[in-house]
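>>> My questions are about this predicted structure, shown below with the sequence.
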Number of protein chains: 2
Amino acid sequence: MPVSQRPVRAGIVVTGTEVLTGRISDRNGPWLAERLGELGVEVSHIVCVGDRAPDLRAALGFLADVGVELIVTSGGLGPTADDLTAEVVGEFAGRELVLDEAMEERIAEILAGFARRFRFDAEALREANRKQALVPEGATAIDPAGTAPGLVVPTDGPTVIVLPGPPRELKAMWPEALATDAARSAMAKVTPIHTDTLRIFGIPESELAKSLREIEGDLDLAPLEITTCLRRAELEIDVRYRDGAEGVAKGLLDELADRFERYVFSRDGSTIDQQIASLLADRRIGIAESETAGLLAARLTEIPGSSAYMAGGVVAYSNEAKRELLDVPEELLERHGAVSPEVAEAMADGALARFHADVGVAITGIAGPGGGTDEKPVGYVCICVKLASGEIVARDPVLPGDRAEIRDRSTTVAMHLVRRLLRGEDFPL
Amino acid sequence: MPVSQRPVRAGIVVTGTEVLTGRISDRNGPWLAERLGELGVEVSHIVCVGDRAPDLRAALGFLADVGVELIVTSGGLGPTADDLTAEVVGEFAGRELVLDEAMEERIAEILAGFARRFRFDAEALREANRKQALVPEGATAIDPAGTAPGLVVPTDGPTVIVLPGPPRELKAMWPEALATDAARSAMAKVTPIHTDTLRIFGIPESELAKSLREIEGDLDLAPLEITTCLRRAELEIDVRYRDGAEGVAKGLLDELADRFERYVFSRDGSTIDQQIASLLADRRIGIAESETAGLLAARLTEIPGSSAYMAGGVVAYSNEAKRELLDVPEELLERHGAVSPEVAEAMADGALARFHADVGVAITGIAGPGGGTDEKPVGYVCICVKLASGEIVARDPVLPGDRAEIRDRSTTVAMHLVRRLLRGEDFPL
């Protein structure tokens, strides 16, 4: 469902054969897309292209034909011969490359610093990096965050913002690139876009699709752009709209929140991770993991400041570790097996006791690909969350996916069980 | 450096507004690119496009203009209105959509099974999914791995393979799609491509670039496509070539292996993770983590069968946990601080003892963004690897990056220290 006004549009070009051969997953494209979206710019395409000049030129031409006002490129600004973005963009813009002497000096200084710190050959480095100071005539150079300067290049069609590939450098240089006259004039007609997000855990995507179709019968959803996305076992609904469509958006979200009341866990953009962090506050959490082997503990500490609530964790991969570090009784392991609700609860007890924690979480399961049986197939996971006061929420679902997905989804289920227990809610998954 | 023959080329189109808004990172594009590359097909572009018919049509037209023989699309085959790939591809091919009744029956059976297992409304599901059985005339339908069938659609230009978005389904359906007549004829002229990979840890990318330039003076590297890529703190060099260029490739790789001897850890495509798994064999490893909070344990257990060597781990985020679960002396914590080489070694000792392990690994550090000091800045990480026999390798580097990167790189450094200790090598990082 398209947004009704013609929005300002942008295209993103990610260069690098390593992205195109599948060796690495690009993170710049999504990051730039998210930033542009926040500004109210609609991204038409993200094009990944190898280090081949004709393919890069074709990608720029394609986006110009689509009619975007802005193109942002990442990568291809390094010192090596396959770094050819500046040259190709200059050609695309019909502008000669000229040496920016101030920039050359600036890069030389940066490199001299590197060379001192890491004891490289400064002269070799400088030689290699001289081409990084070649700038299309009339373009604005953006100060490097690493060694490669960025560029903002006006053309007859879209303005082209050229940024380096290392994500940290690209992110650091983005604000300065946006602030240039050429970028500002390309984006002059942007009208702000709003995004509301609803997050749901525990219902399938098809149920949501059915509801959306039904709601469409009552509400005119045309002014909204609605996307639904299944991510880490959660459903996320993004509703994007421009000024004037607040009422429709609220109507839709209220209706969805009504229909899926118990399953909607976030309407304010907060993630389950952020919610757990604030629900825990200064309550101490202790983790006992077998199948996930540290993933839940790592996930709980992704957020800075997590030492306020993270007491610690035990990765009890072996039965011996379950006995010795978590005091799981041998008899339970023998009678029910290491993957059982009984052992999960004993592990949670162990985590509570060992870490003097207020909340104990345990995960034991079969991540596969081997080790499954008819009774306990691959994906069977026992999760137990227990408070020091004795309250408990536990589940033993069979989760879909491959080994990595099963392990990741196990942590998501555990996070949601922690949330329910801390909020005093419990109902079937 | 392009490969000299004109290779068979393909383009990839990834659909989904959620990819384009940056909410999720696409994994299908890189996966398909890697599979195509292994077959000897050169990927010209990966284009991500939202759920907008004109933009999808433009992307298909662009790739046809580039001259690819094959287009592979992922996503947009679901039951909802914004799933429009089949329709747009049909239009692009100039073929009407017709109901494939056998496919409709097949989807209905699959959905009935789902509905029984998850207690959905089967009729509503079936209604929603009927459109998934609409197939462009003359196209070959590929059996669904989930609920959405794939398509192989011949056109006047490139053959289009249409696959669903969920990575598990896409991967499962790929072989059948490739085996269709239309896909085989599009790829009839493929000549095999070979890829040799060299992996290096411990030197900067600019040193490698300098060496490549020097080698180019002696060797004609034109028949090779060389890409270098910095990933998870390792440098990866991929050399791709067609039949006849084996000698040049070997010459280059031998020369690089000579120059960076101590830093080259892989010439056979193996990753550090695989190497650690086979170096450990049945030696038991115990982990003590503070800063990385389970990431290293989780990484070591990504590989199926890791229970052969994984004894267990302790996430000792608090000093209390370091004392109680790892027997780190209070006096060490007070005198040197929790982030110190001394405490790292005591943690490794604790892991060895608690898990009766042969190898103990400890990581303690400052992941940031807060908590840094002049003496111990953000990124300062103390890593200690110790054998039960007392041999030890330890380092305390300052790692670059944000919180997530510092934590991830810490695990990479730890993996390489384990490798060196198990191989009896030690030299400066």
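Nice, I can see it. Residues are numbered from 1 along each chain as shown, chains lettered A, B, ... in the order given.
>>> contacts, neighbours, all on C-alpha from now
Will do.
>>> Show residues contacting stretch A:155-166.
Contact partners of stretch A:155-166, identified using Cα atoms under 8 Å, 6 or more residues apart in numbering or on different chains, comprise A:15, A:28, A:64, A:67-78, A:85-86, A:89, A:92-94, A:148-154, A:170, A:173-174, A:177, A:182-183, A:186.
>>> any chance you could map the strands in the stretch 51-200 of chain A?
Secondary structure of the stretch 51-200 of chain A (DSSP state E, counting those that start in this stretch): strands at A:70-74, A:97-99, A:134-136, A:140-142, A:150-153, A:159-163, A:193-200.
>>> circling back: mark which of the contacts of stretch A:155-166 are buried, thanks.
Buried members of the contacts of stretch A:155-166, counted by 16 or more other Cα atoms under 10 Å in any protein chain shown: A:15, A:28, A:64, A:67-78, A:85-86, A:89, A:92-93, A:148-154, A:170, A:173-174, A:177, A:182-183, A:186.
>>> Would you mind giving both backbone torsions of the residue of chain A most remote from its centre?
Most distant from the centre of chain A: A:E331, at 43.1 Å, with distances by Cα atoms, centre = their mean. Main-chain torsions, A:E331, degrees, to the nearest 10: phi -60, psi -40.
>>> and it, how far is that from chain B?
Taking Cα to the nearest Cα, to the nearest Å as the criterion, A:E331 is separated from chain B by 21 Å.
>>> A:M347: which element?
Following DSSP states H and E, one finds A:M347 within helix A:341-354.
>>> Identify all contacting residues around that helix.
With Cα under 8 Å, 6+ apart as the criterion, helix A:341-354 contacts A:285-288, A:313-314, A:322, A:325-329, A:332-333, A:336-337, A:357-364, A:382-388, A:394-396, B:325.
>>> Moving C-terminal from that helix, which element do we reach first?
strand A:359-365.
>>> so what does the next helix or strand after that next one touch, helix or strand wise?
Downstream of strand A:359-365, the first helix or strand assigned by DSSP H and E is strand A:381-387. Under the contact definition 3 or more Cα pairs under 8 Å, 6 or more residues apart in numbering or on different chains; DSSP states H and E, strand A:381-387 sits against helix A:341-354, strand A:359-365, strand A:392-395, helix A:403-422.
>>> Also compute the angle for the first one relative to strand A:381-387, please.
This points to helix A:341-354. In terms of direction (axes from the mean of the first three to the mean of the last three Cα atoms, to 10 degrees), helix A:341-354 departs from strand A:381-387 by 40 degrees.
>>> same question, the last one
An angle of 30 degrees separates the directions of helix A:403-422 and strand A:381-387 when computed by the same axes, to 10 degrees.
>>> what comes up buried for helix A:403-422?
For helix A:403-422, the neighbour count (16+ other Cα under 10 Å) marks A:403, A:405-422 as buried.
>>> which residues touch stretch A:412-426?
Outside stretch A:412-426, the residues within contact range by Cα under 8 Å, 6+ apart are A:201, A:232-233, A:272-273, A:275-276, A:279-280, A:361, A:363, A:383-386, A:391-394.
>>> would you put the C-alpha positions of that stretch in PDB?
Taking C-alpha atoms only, stretch A:412-426 is exported to PDB below (Å, rounded to 0.1, in the frame of the first residue of the first chain):
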ATOM      1  CA  THR A 412      13.800 -15.300  22.100                       C
ATOM      2  CA  VAL A 413      11.300 -17.700  23.700                       C
ATOM      3  CA  ALA A 414      13.300 -17.400  27.000                       C
ATOM      4  CA  MET A 415      13.200 -13.600  26.800                       C
ATOM      5  CA  HIS A 416       9.400 -13.600  26.400                       C
ATOM      6  CA  LEU A 417       9.000 -16.000  29.300                       C
ATOM      7  CA  VAL A 418      11.100 -13.800  31.500                       C
ATOM      8  CA  ARG A 419       8.900 -10.900  30.500                       C
ATOM      9  CA  ARG A 420       5.700 -12.700  31.300                       C
ATOM     10  CA  LEU A 421       6.900 -13.900  34.700                       C
ATOM     11  CA  LEU A 422       8.200 -10.400  35.700                       C
ATOM     12  CA  ARG A 423       4.900  -8.900  34.600                       C
ATOM     13  CA  GLY A 424       2.900 -11.600  36.400                       C
ATOM     14  CA  GLU A 425       1.300 -12.800  33.200                       C
ATOM     15  CA  ASP A 426       1.100 -16.400  32.000                       C
END
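>>> Now it: average pLDDT?
The average pLDDT within stretch A:412-426 is 93.
>>> what secondary structure does the spatially closest residue to A:D196 that is not a sequence neighbour sit in?
Nearest residue to A:D196, sequence neighbours excluded (Cα to Cα, 6 or more residues apart in numbering or on different chains): A:V239, at 5.2 Å. The three-state label given to A:V239 by DSSP: H, G, I helix; E, B strand; the rest coil is strand.
>>> can I assume A:V239 is in contact with A:T197?
Yes. The criterion here is Cα atoms under 8 Å, and A:V239 meets it with A:T197 at 6.3 Å.
>>> which residues touch A:L36?
Contacts for A:L36 (Cα under 8 Å, 6+ apart) come out as A:A10, A:E42, A:V43.
>>> Can you tell me which of those is nearest chain B?
Here the nearest of the contacts of A:L36 to chain B, counting by Cα to the nearest Cα, is A:V43; it sits at 6.7 Å.
>>> so what are the domain limits for chain A?
Each domain of chain A is listed here as a residue range: A:9-186, A:193-269, A:273-422, per automatic domain parsing.
>>> can you list these in CSV and add distance to B:R35?
Formatted as CSV, the domains of chain A follow (distance: least, Cα to Cα, whole Å):
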stretch, distance to B:R35
domain A:9-186, 8
domain A:193-269, 24
domain A:273-422, 18
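>>> A:D220 and chain B, how far apart?
Taken as Cα to the nearest Cα, the span from A:D220 to chain B is 15 Å.
>>> helix or strand for the nearest residue to that residue once chain neighbours are set aside, which one?
Excluding its sequence neighbours, the residue lying closest to A:D220 (Cα to Cα, 6+ apart) is A:V248, at 7.6 Å. According to DSSP H and E, A:V248 maps onto helix A:246-259.
>>> Using PDB, write down the CA coordinates of that helix.
Listed next in PDB are the C-alpha coordinates belonging to helix A:246-259 (Å, rounded to 0.1, in the frame of the first residue of the first chain):
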ATOM      1  CA  GLU A 246      -2.100   9.800  12.000                       C
ATOM      2  CA  GLY A 247      -5.700   8.900  12.600                       C
ATOM      3  CA  VAL A 248      -5.800   6.000  10.200                       C
ATOM      4  CA  ALA A 249      -2.500   4.700  11.500                       C
ATOM      5  CA  LYS A 250      -3.800   4.800  15.100                       C
ATOM      6  CA  GLY A 251      -7.100   3.200  14.100                       C
ATOM      7  CA  LEU A 252      -5.200   0.300  12.500                       C
ATOM      8  CA  LEU A 253      -2.800  -0.200  15.300                       C
ATOM      9  CA  ASP A 254      -5.600   0.000  18.000                       C
ATOM     10  CA  GLU A 255      -7.600  -2.600  16.100                       C
ATOM     11  CA  LEU A 256      -4.600  -4.900  15.800                       C
ATOM     12  CA  ALA A 257      -3.700  -4.400  19.500                       C
ATOM     13  CA  ASP A 258      -7.300  -5.300  20.400                       C
ATOM     14  CA  ARG A 259      -7.300  -8.400  18.300                       C
END
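>>> Work out the gap between the next helix or strand after it and the centre of the chain.
Next along the chain after helix A:246-259, taking DSSP H and E as the criterion, comes strand A:264-266. Chain-centre distance of strand A:264-266: 19 Å, with Cα atoms, centre = their mean, to the nearest Å.
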